[in-house]
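J.: Build me a model:
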Amino acid sequence: MRVIAELPHPECKITIFSMNQKYIVKFEQGTFEQSYKLAELDLSGGGVNDVFEILDEAFIATVIERFKLMRTDFTAAYNRHQY
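T.: Next comes the predicted model:
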């Protein structure tokens, strides 16, 4: 797996990897991460530029909201067990 690109964003780290004819887009925020896999064959042939088009602000906003839900869920689970 090799890093193809890193996209700057103020609320999370965005890294695009290439591996086995797939692009893997990884979002990281603190201890949480989300990843999305895209087959190269599912894109129009523009390479990583096709991935950049998919990663618009509307999509990134949903990823950020999902991080908030992940944090809420994890905090609730952690508090139920009072470590």
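
J.: Could you use CA atoms for every contact and neighbour count after this?
T.: OK.

J.: For Glu57, give me its contacts.
T.: With C-alpha atoms under 8 Å, 6 or more residues apart in numbering as the criterion, no residue contacts Glu57.

J.: how far away is it from His9?
T.: 10 Å (C-alpha to C-alpha, to the nearest Å).

J.: Go through stretch 40-50 and flag the buried ones.
T.: 40, 48 (16 or more other C-alpha atoms under 10 Å).

J.: From start to finish, how long is that stretch in a straight line?
T.: End-to-end distance for stretch 40-50: 9 Å, by C-alpha to C-alpha.

J.: Which residues does that stretch contact?
T.: Here stretch 40-50 makes contact (C-alpha under 8 Å, 6+ apart) with 4, 21-23.

J.: Can you mark which positions in the host helix or strand of Val63 are buried?
T.: Applying DSSP states H and E as the criterion places Val63 in helix 57-81. For helix 57-81, the neighbour count (16+ other C-alpha under 10 Å) marks 60, 63-64, 67, 71 as buried.

J.: Taking these, tell me the two that lie furthest apart.
T.: Farthest pair in these (C-alpha to C-alpha) is Ile60 and Arg71. Separation: 16.7 Å.
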